[in-house]
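Visitor: What shape does this take:
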Amino acid sequence: MKKLTRILSPLLIAFLVLGSLPVAAAPQASPASNLVSTQDALQADQVSADRERINEILARQDVQDQLVAQGVDPADVEARVAALSDEEVRQMADQLEELPAGASVVGVLFAVFVILLVTDILGLTNVFPFTR
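Guide: Predicted coordinates:
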C-alpha cells in the first residue's frame, strides 16, 4: 500500500498542476469561427440598438407623411436603412442625437423672448426697457 501511494502521489500532483494551467484557444481554420471579443459584442449591440432606433423614427406616422410628401416610398427607405453599413448606422444615429427635437433654434429663441417679455411685463424681471 505504501509503495502504491509513493507512485500515485507524484502522478496526482503532476496531473493537478498540469490541469490547472491555462490553455490558449487553438487557431481556427475559417475566419468565421474566430472568438468574439467583448468589445466586438458591445459594438454589435450598440449598432443593433442604433438601427432599431432609426427604424422606430422612420416608422412614425409624421415621418412617413413627410417621406410621401417628398416623393419617397417608405419601403425604399426601409430597404436602404437595412443596407447601411455599421459605420453609416453609427453616423446616422449620431446625427439624430444632434438634431433638435421638434423645434429649430429660431423657435427656441422666440419662446425665450416671449417668456422674458411676459415676465418683464409682470414686473418679475427687468430685461427690456420698453416694457416700463
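Visitor: Distance-wise, check Lys92 relative to Gln46.
Guide: Slight slip there: residue 92 is Met, not Lys. Between Met92 and Gln46 the distance, using C-beta to C-beta, to the nearest Å, works out to 13 Å. Quick note: C-beta positions are derived from backbone N, CA and C, even for glycine.
Visitor: Equivalent analysis for Val114, please.
Guide: With distances taken as C-beta to C-beta, Val114 is found 40 Å from Gln46.
Visitor: And the two? Which one has more around it.
Guide: Each of Val114 and Gln46 has its neighbours counted (other C-beta atoms under 10 Å); Gln46 has more, 14 against 10.
Visitor: could you pull out the helices for this protein?
Guide: Read by DSSP state H, the chain holds these helices, from start to end of the chain: 2-19, 38-59, 61-69, 74-82, 86-98, 105-121.
Visitor: Minimum distance to Phe130: which of those has it?
Guide: helix 105-121 (9.1 Å; C-beta to C-beta).
Visitor: Name the nearest residue to Leu58, sequence neighbours excluded.
Guide: The spatially closest residue to Leu58, leaving aside those adjacent along the chain, is Val77, at 5.9 Å (C-beta to C-beta, 6 or more residues apart in numbering).
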